[in-house]
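>>> When you get a sec, could you give me coordinates for this:
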Amino acid sequence: MKKNILVVDDSALMRRAICDIINTSNDFEVTDTCRDGLEAYEKIKSGKYAAVLLDINMPRMNGLELLQRLQKENIRATIIVVSSLAKEDANVTIQAIEYGAIDFLTKPTNIVEAKGEVFRQSLEAIVNSVVSKGKKKPATLPAGKVQARQPVRTVPGKKVAADGANKKLVALACSTGGPRSLQSVVPYLDRNIDAPVVLVQHMPTGFTKSMAERLNELSKVKVKEAEENDILKKGCVYVAPGGYHLEVVAMRDGNHKIHLSDAPPIGGLRPCANVMYRSLKRSTYDEITCVVLTGMGADGTEGIRELNRAKPIYVITQDEASCVVYGMPKAIVEAGLADEVVSLTNIPKSIINQVGVK
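Take a look at the predicted model:
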C-alpha cells in the first residue's frame, strides 16, 4: 500500500508539479493538497500522512506559523520544507527546522525547473530517505524538553584509546535530520570540553553560517562557521561551510588549522565527511573521537576506516530508534567500526566521557 503524502503550497502550478513527481512513485501518493497552513493544520491533525511537503510563504497561516502551532499542540508530523525561502533566507529555514521540520529542499523558481530532472531526483531522494518503510518515525522533541536518558549499548570488538592520550579532537558528521539533531548534542557539550570539535553537516552554501550562529546562541561552547586558517581551540565547534570541504592541517608549532577546499564534490557532497576524516590521518592528535549522526548514504565510513588504520580513534554512532534516517550510522556499524551505539540524547555524555573536560 502506498504511503499518503500531503502537499501544502499556495501555487497551483507548484502543487501540480510536486504531485506529478510523487505520484510516479511505487511507494507514495499525494492524497491531499492545501493552499495554506490553516487548511493543512486541519488535515495534519488526522495523523494519516507519512510526510508533509510544506511551503513557507503562504497566505492566512504561513509555514512557520503552522510548524509553531503543531509544536505547541504536540501534534507530530514528518514535515519537509519545500520553499523558495530555503534559498533566499537561511535563517527562516533554520527556524523551520527548530520548530520541527525534518529537512528542507529549495523550491524551483519556475515551472520548467520544477519539471526538471534535478528537482525530481532531489525530491524523490529526500522523501524516500525521510519516510521509513514499516517503521514509525521517532517523535520530534518539543522545544526545551529532553528525553529521559537511556542506557548506552557498547559494541564489542574494539579497544578504547590509551588512557595516556592527551591531545584530543572530536570529528562529527551528519546529513538528513542533522540540523535538528545537532540541537540535542552541541548545546549539551561542556564549555570546558578538552578538545576542539570539527563538524561536517551536508548543507548547501549559505545555510551553515545560520546554523552555526543559532547553535552558538544555544550552546555553552563556541560555535562558528569555519574559516580558512582558523586555529583549532578547545571548547570551540567549527562547522564546515556549505560548498567547501573541510580539512584539518597540522602546523609546525603543534597546533592545527582549518583548510577549506573547493575541490569537486565527492558523491555529490561538498562538504564531504570522508575528506575531513582522511585529513586527520596526517594530524598529530593522540586520540580522535569520531561521531556519526543521522543521515542518508554512507559518507564518513571510508574516511573513518582509513583513519582507524593510522590513529587511535573511538567511534560513537547514533542508534536507529533516534535517527531521522538510519543511513550513515548504519554504514559505520555494519563496517564494524563503531565503539558505541547510543541514543541521540546520550551522544553529548558519550563525547564528554571520552575526551573529558579541562
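>>> mind listing the helices for the stretch 201-350 of the chain?
207-218, 273-279, 301-310, 328-334, 347-355 (DSSP state H, counting those that start in this stretch).
>>> right, so these: which one is the most enclosed?
helix 273-279 (a mean of 25; mean count of other C-beta atoms under 10 Å). Using the backbone N, CA and C atoms, a C-beta is placed for each residue, glycine as well.
>>> Against which helices or strands is it packed?
Secondary-structure packing of helix 273-279 (3 or more C-beta pairs under 8 Å, 6 or more residues apart in numbering; DSSP states H and E): strand 168-174, strand 197-201, strand 245-250, helix 301-310.
>>> can I get the ones you listed in CSV with mean pLDDT?
Putting these into CSV (pLDDT from 0 to 100) gives the following:
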stretch, mean pLDDT
strand 168-174, 98
strand 197-201, 98
strand 245-250, 98
helix 301-310, 96
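>>> So for Asn110, which of these sits nearest?
Closest of the helices and strands packed on helix 273-279 to Asn110 is strand 197-201, at 28.9 Å (criterion: C-beta to C-beta).
>>> circling back to that earlier point, so which of the helices of the stretch 201-350 of the chain gets nearest Phe28?
Across the helices of the stretch 201-350 of the chain, closest to Phe28 is helix 328-334 (C-beta to C-beta), at 22.0 Å.
>>> Against Arg282, how distant is Thr345?
34 Å (C-beta to C-beta, to the nearest Å).
>>> Equivalent analysis for Val81, please.
Val81 is 39 Å from Arg282, by C-beta to C-beta.
>>> Show me which of the two is the more surrounded one.
Val81 (26 against 13; other C-beta atoms under 10 Å).
>>> Just confirm that one is within a strand.
Yes. The assignment for Val81 (DSSP: H, G, I helix; E, B strand; the rest coil) places it in a strand.
>>> what residues are up against it?
When the contact criterion is C-beta atoms under 8 Å, 6 or more residues apart in numbering, the partners of Val81 are Leu54, Asp55, Ile56, Gly63, Thr93, Ala96, Ile97, Ala101, Asp103, Phe104, Leu105.
>>> again with Ala212
With C-beta under 8 Å, 6+ apart, Ala212 has these contacts: Val223, Lys224, Glu225, Val237, Val239.
>>> repeat that with 6 Å
By C-beta atoms under 6 Å, 6 or more residues apart in numbering, the contact set of Ala212 is Val223, Lys224, Glu225, Val239.
>>> Out of those residues, which two are the most distant from each other?
Val223 and Glu225 (8.6 Å).
>>> Which of these two has more residues huddled nearby?
Val223 (23 against 20).
>>> Now do the more buried one against Asp339, distance only.
Distance from Val223 to Asp339, by C-beta to C-beta: 25 Å.
>>> for the longest helix along the chain, what is the average pLDDT?
Determined from DSSP state H, the single longest helix within the chain is helix 117-130. In this model, helix 117-130 carries a mean pLDDT of 89.
>>> Could I get the full set of strands for the stretch 51-200 of the chain?
With DSSP state E, counting those that start in this stretch as the criterion, the stretch 51-200 of the chain has strands at 51-54, 79-83, 103-106, 153-154, 168-174, 197-201.
>>> how about TSV for those, with distance to Cys34 added?
Output for those, formatted as TSV (distance: least, C-beta to C-beta, whole Å):
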stretch	distance to Cys34
strand 51-54	9
strand 79-83	13
strand 103-106	18
strand 153-154	41
strand 168-174	31
strand 197-201	30
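>>> what pairs with Glu247 across the strands?
His259 (DSSP bridges).
>>> separation between it and Glu39?
In terms of C-beta to C-beta, Glu247 sits 48 Å off from Glu39.
>>> Can you tell me the closest non-neighbouring residue to the spatially most central residue of the chain?
Nearest to the centroid of the C-alpha atoms of the chain, with distances taken as C-alpha atoms, centre = their mean, sits Gly178, at 1.5 Å. In space, and not counting its chain neighbours, Gly178 is closest to Gln201: 4.8 Å by C-beta to C-beta, 6 or more residues apart in numbering.
>>> what about the one you found, how many residues close to it?
23.
>>> got any ranges where the stretch 1-150 of the chain has weak pLDDT?
Residues of the stretch 1-150 of the chain meeting the criterion pLDDT under 70: 85-88, 132-150.
>>> For it, which segments count as helices?
Secondary structure of the stretch 1-150 of the chain, counting by DSSP H, counting those that start in this stretch: helices at 12-22, 37-44, 63-72, 85-88, 90-98, 111-114, 117-130.
>>> any idea of the angle the last one forms with strand 79-83?
Using axes from the mean of the first three to the mean of the last three C-alpha atoms, to 10 degrees, the interaxial angle of helix 117-130 with respect to strand 79-83 works out to 160 degrees.
>>> do the same with the third one
Relative orientation of helix 63-72 with respect to strand 79-83: 170 degrees, computed using the same axes, to 10 degrees.
>>> ok so, going back, Lys358: which of the strands of the stretch 51-200 of the chain is closest?
strand 168-174 (10.1 Å).
>>> Residues in contact with the closest one: which ones?
With contact meaning C-beta under 6 Å, 6+ apart, strand 168-174 is reached by 195-201, 273, 285, 287-295, 300, 351, 355.
>>> hang on, the earlier thing: settle it for me: which of Glu247 and Glu39 has more neighbours?
A count of neighbours by other C-beta under 10 Å puts Glu247 above the other of Glu247 and Glu39, at 22 against 18.
>>> Many thanks, I have nothing further to ask.
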